[in-house]
Structures are given as structure tokens and as C-alpha cells.
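Enquirer: just the structure for this:
(4 chains)
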Protein chains: 2
Amino acid sequence: MASASVTAPPRLSVDEADAWFGVLNAQTALVRAVDAELLAAHRLSCSSHEVLYRLAHSEEGHLSIGELGAAVVISPSRVSRVVDGMSALGLVERVACDTDARISHVVITDAGREALPDIERTFQSAVREHFLGRLTPTQVRQLAAIMRRLGAPAAECAS
Amino acid sequence: MASASVTAPPRLSVDEADAWFGVLNAQTALVRAVDAELLAAHRLSCSSHEVLYRLAHSEEGHLSIGELGAAVVISPSRVSRVVDGMSALGLVERVACDTDARISHVVITDAGREALPDIERTFQSAVREHFLGRLTPTQVRQLAAIMRRLGAPAAECAS
DNA sequence: CTGTGGTCGTTGACTGAGCAACCATTATCC
DNA sequence: GGATAATGGTTGCTCAGTCAACGACCACAG
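Expert: Numbers count the residues shown, from 1 in each chain, chains lettered A, B, ... in the order given. Below is the predicted model:
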């Protein structure tokens, strides 16, 4: 074997490795912590919460299964089952779309809308405690910018 | 019920929400993409790769199950099974600790050490393509700093 | 020594998540 | 208008991951 510089695999710098493994491991730890609080207080997982959050902040007040999957980054099949669980809790329900019978609009129920402030309170305090509170406002801004870029469709590589 | 500002739950700003959901969703998407490449090329998941990575970069050349779990942020039971899988592939093996029979030192085998450069090449190019390549060097540095802070034991909140 | 308590790793049962196959419905094209 | 393709959602299977229970082992008190 020997000369490692032939195909010259550009080794990761310390910052690059920290960024990669940091994102991986921080997310895992953060989800675990926030999940525990949401679960204890409201029987909701992080994914379920994000579904509710997306619904609450949607223009039309409803999103399809596919739209939710794209927003929350989980597969449609998972969304379907998450919605099952949340509708069993009475937080959301499926409403047939009157222009396309394939589509299920997921909407927040009255009970869901009533429970929302409480859920958001739990969520926000958990996120502040485990995440935002450990960063400076500048870092939060930087992180938001970074994540917006990573979330963008693609390209945009040019600085 | 009404006046939302009574208990004044500090609503998340746009940046705060983007940071939180961004970290959640970006990690999921990134792991999915890099996992696919590692799996196709070397039958390794991201977790397996990180285990190998940690072993390769360890001072002593070996880590216990518990140390690996702490480093990779997965439970000891999962580490145990991941090591099972990797040792079935011949990449690592368990070596009894001669001073404490409870501990299994996990070490890279010769075959593992030989396969490493290839694996790292796949890994690095995938990470550059999906992650590092979409950020500026400055952003990578910022992200690394943020993740180091989030990964720190706790406290350190003071700017 | 010997028992007692804590630690390390493994196993079993269960949840969260994805993929592939499927069904229903819509859209397209002749 | 009817066959065919494409889309949206649900279901079955499998994997990744956790938690709780267990067994093996060390450490320490007596």
C-alpha cells in the first residue's frame, strides 16, 4: 500500500469532524431529552410535536400526509401512523379532500387547538433548557443560517 | 381562554425555530444520505462507521463497550450488537481485558485496519458532498464551535 | 475469606422508522 | 370513453435503537 497521497483523500480537519459528529450526536441527545419531557407531559414524541407544529403554522390550516412527511423529514408511512396515534389522542383528524379523493387533509381538532399552548410551553422550555440556552444569540443565528442552507433544495453552494 | 401573555411562554423566534427543526431534520437527511453510500460501498451504517472511527482515533487502540456508547451516543446494548455485526464482517474483535474481566476491549483487526482507508474515502467524499461542501469554511468553523459547546458536559452557559 | 453492593456487558421485549407492495384514485393519451 | 401510467396513502416486514432484567465480575467491609 503505502503512499497515502496518491488518490489524496482529503482528510477531515478537526473542525470538519467536530461539525459532522457533533450534528449527529447532538441531535440524538437533544431529541432524547426533549422527547422525554414531551412524552411525560403530553404523550407526544418529537415527531408528533413537529407534525402538530407544522399544522398549527400552516397557511390553510391543513396539510396532506405527503406535505407533512416532507416538512418533518419522515416517510409517508410513518406520518400515517403518527397521525393515527395523534388522532387517537384527539389532537388531529383526517378530513377527505373534496377535489381529490386520494388526499387526506390532516387538521387540528378543537381539542388539539386547545391543548396547543400547553404543549408549546413544555416544548419551548425544554428546547431552551437543553439547546438554545446553551448557545449565544449569535450562535443561534449562525446555526439557523447554516440549517437553512442545508435544508435548501440543493445547489446554492456558491457562497 | 384568551390572553396568551398571562403566563407569557417565550415564543420561539424564527431563528430559534429554524435552528431547532433544522438540526433535527438536517441530521435525519444527512444520515440517510451518507448511510446509503456507506452501506452500498462497505455494508456499514453511520453508527458502525463512527465506532470504527473512534477506535481508529483512540490513544490506546481499543475502547470498551461503554466508552464507545458514550462517544457515539448510543446505548451499550446497541453498541454490543453493532460490534457483533462488525466483528462478523471481520473489522473488529473483542479482546478480554486482562485487569478486569467484565470489560471487553474492542479493537480493530488487521483486516479492519486494511479496509479503513477505503471506508474513510467513501465517508469523506459523502460528507463533503452532502454536508461540508454546502457550507462555507467559516460556517463549518462556527458549527464545530456550536457542537463542541452542546456536547460539553453542561454548564458553560456563560458566554 | 465471604458477603454485599456497584459496574460492565449481553439478552429479550418493545418502540420508532423506512422500504416495498398494494389499493384507490386521478391524469394522460389514443 | 377506456386502457395505461402516475400519485397519495395504508399495510406488512425488517432494521435501528432503547429500556429493563440478568449474569459475571470487581471492590470493599467485616
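Enquirer: is the lengthiest helix in chain A in proximity to DNA strand D?
Expert: Identified as the longest helix of chain A according to DSSP state H is helix A:14-42. Yes: shown here: helix A:14-42 in contact with DNA strand D (C-beta under 7 Å from any atom of the strand) through A:28, A:32. Heads up, the C-betas are built off the backbone N, CA and C, glycines and all.
Enquirer: any idea which helix or strand comes after that helix?
Expert: Downstream of helix A:14-42, the first helix or strand assigned by DSSP states H and E is helix A:46-56.
Enquirer: mind listing what's buried along that next one?
Expert: By 16 or more other C-beta atoms under 10 Å in any protein chain shown, the buried positions in helix A:46-56 come out as A:46-55.
Enquirer: also stretch A:141-153?
Expert: Using 16+ other C-beta under 10 Å as the test for burial, stretch A:141-153 gives A:141-150.
Enquirer: of these, which belong to helices?
Expert: Among the buried residues of stretch A:141-153, the residues falling in helices (DSSP H) are A:141-150.
Enquirer: before we move on, back to that, ok, so of the buried residues of helix A:46-56, who is nearest residue B:40?
Expert: Lowest distance from residue B:40 to the buried residues of helix A:46-56 (C-beta to C-beta) belongs to residue A:47, with 26.8 Å.
Enquirer: for the closest one, give me its contacts.
Expert: For residue A:47, the contact set (C-beta atoms under 8 Å, 6 or more residues apart in numbering or on different chains) comprises A:72, A:74, A:78, A:82.
Enquirer: contact residues of chain A facing DNA strand D?
Expert: Within chain A, the positions near DNA strand D by C-beta under 7 Å from any atom of the strand are A:28, A:32, A:64-66, A:76-77, A:79-81, A:83-84, A:94, A:102-104.
Enquirer: buried subset of these, written for PyMOL?
Expert: The PyMOL command for the buried members of the residues of chain A next to DNA strand D (criterion: 16+ other C-beta under 10 Å) is given here:
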select buried, chain A and resi 28+64+65+79+83+94+103+104
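Enquirer: now go through the residues of chain A next to DNA strand D and say which are in strands.
Expert: A:64, A:94, A:104 (DSSP state E).
Enquirer: let's have the residues you listed in JSON lines, adding pLDDT and distance to DNA strand C.
Expert: JSON lines is the format used below for these (pLDDT from 0 to 100; distance: C-beta to the nearest atom of the strand, whole Å):
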{"residue": "A:64", "pLDDT": "97", "distance to DNA strand C": "13"}
{"residue": "A:94", "pLDDT": "97", "distance to DNA strand C": "14"}
{"residue": "A:104", "pLDDT": "96", "distance to DNA strand C": "11"}
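Enquirer: and the residue minimising distance to the centre of chain A, backbone torsions?
Expert: With distances taken as C-alpha atoms, centre = their mean, the residue of chain A nearest its centroid is residue A:72 (4.8 Å). With angles defined as degrees, to the nearest 10, residue A:72 sits at phi -90, psi -10.
Enquirer: quick one: contacts for it?
Expert: Residue A:72 neighbours (C-beta under 8 Å, 6+ apart): A:47, A:50-51, A:54, A:79, B:25.
Enquirer: is stretch A:76-87 positioned near DNA strand C?
Expert: Yes: using C-beta under 7 Å from any atom of the strand, stretch A:76-87 reaches DNA strand C at A:77-78, A:82.
Enquirer: likewise for stretch A:46-58?
Expert: Yes: using C-beta under 7 Å from any atom of the strand, we find that stretch A:46-58 touches DNA strand C at A:46-47.
Enquirer: next one: that stretch to chain centre, how far?
Expert: 8 Å (C-alpha atoms, centre = their mean, to the nearest Å).
Enquirer: got it, and stretch A:34-51?
Expert: Averaging C-alpha positions (C-alpha atoms, centre = their mean) puts stretch A:34-51 12 Å from its chain's average.
Enquirer: state the mean pLDDT of the helix or strand harbouring residue A:119.
Expert: Using DSSP H and E, residue A:119 falls within helix A:110-130. For helix A:110-130, mean pLDDT rounds to 95.
Enquirer: what of stretch A:38-51?
Expert: Averaged over stretch A:38-51, pLDDT sits at 96.
Enquirer: endpoint to endpoint, it covers what distance?
Expert: Length of stretch A:38-51, first residue to last, C-alpha to C-alpha, to the nearest Å: 13 Å.
Enquirer: now stretch A:95-103
Expert: 9 Å.
Enquirer: for that stretch, which positions count as buried?
Expert: Buried residues in stretch A:95-103, counted by 16+ other C-beta under 10 Å: residue A:103.
Enquirer: for that stretch, what does the pLDDT average out to?
Expert: 95.
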